[in-house]
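A.B. asks: Return atomic coordinates for the entry below.
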Amino acid sequence: MIQPAELADIGQSLETLTGTVGDLARALRERYPHLSFSVCDASDVQEDPIAQTGRFDLHLIDAREHCLRLTQQFEQATGVLLAARRLH
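C.D. replies: Presented below is the predicted three-dimensional model:
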């Protein structure tokens, strides 16, 4: 389960951390070992994000079953999908 305050902190961290998308995901995994983090391009996701940062749409992941799925429910979320937006 993710707390809304945790998601806000993750968003803040994404604003201040530097490096590649992979570097950011690794840093978040170290900071939040109880959560999973996945990365994709924002154009690969049709669902509305739960939050946005400067570079990313943030989606909640539910990995309690065999396959990952997106959720809008904090109590079902086990991780965060970092969907990288292309900035022009």
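A.B. asks: What's the first helix or strand after the helix ranked longest in the chain?
C.D. replies: The longest helix of the chain (DSSP state H) is helix 4-16. Next along the chain after helix 4-16, taking DSSP states H and E as the criterion, comes helix 21-31.
A.B. asks: starting at the chain centroid, how far to that next one?
C.D. replies: 10 Å (CA atoms, centre = their mean, to the nearest Å).
A.B. asks: Give me the helices and strands touching it, please.
C.D. replies: Identification of packing neighbours for helix 21-31 by 3 or more CB pairs under 8 Å, 6 or more residues apart in numbering; DSSP states H and E yields helix 4-16, strand 36-41, strand 79-84. Any C-beta I mention is one placed from the backbone N, CA and C, and that applies to glycine too.
A.B. asks: tilt between that helix and helix 4-16?
C.D. replies: Computed by axes from the mean of the first three to the mean of the last three CA atoms, to 10 degrees, the angle separating helix 21-31 from helix 4-16 equals 140 degrees.
A.B. asks: Would you mind listing where the chain has pLDDT under the threshold?
C.D. replies: Residues of the chain meeting the criterion pLDDT under 70: 87-88.
A.B. asks: now with 50?
C.D. replies: Scanning the chain for pLDDT under 50 picks out 88.
A.B. asks: returning to what we had before: tell me which of the helices and strands packed on helix 21-31 lies nearest to residue 26.
C.D. replies: Nearest to residue 26 among the helices and strands packed on helix 21-31 is strand 36-41; the distance by CB to CB comes to 8.5 Å.
A.B. asks: who does the strand or helix carrying residue 70 pair up with?
C.D. replies: Per DSSP H and E, residue 70 falls inside strand 69-71. Within its sheet, and counting by DSSP bridges, strand 69-71 is paired with strand 56-62 (antiparallel).
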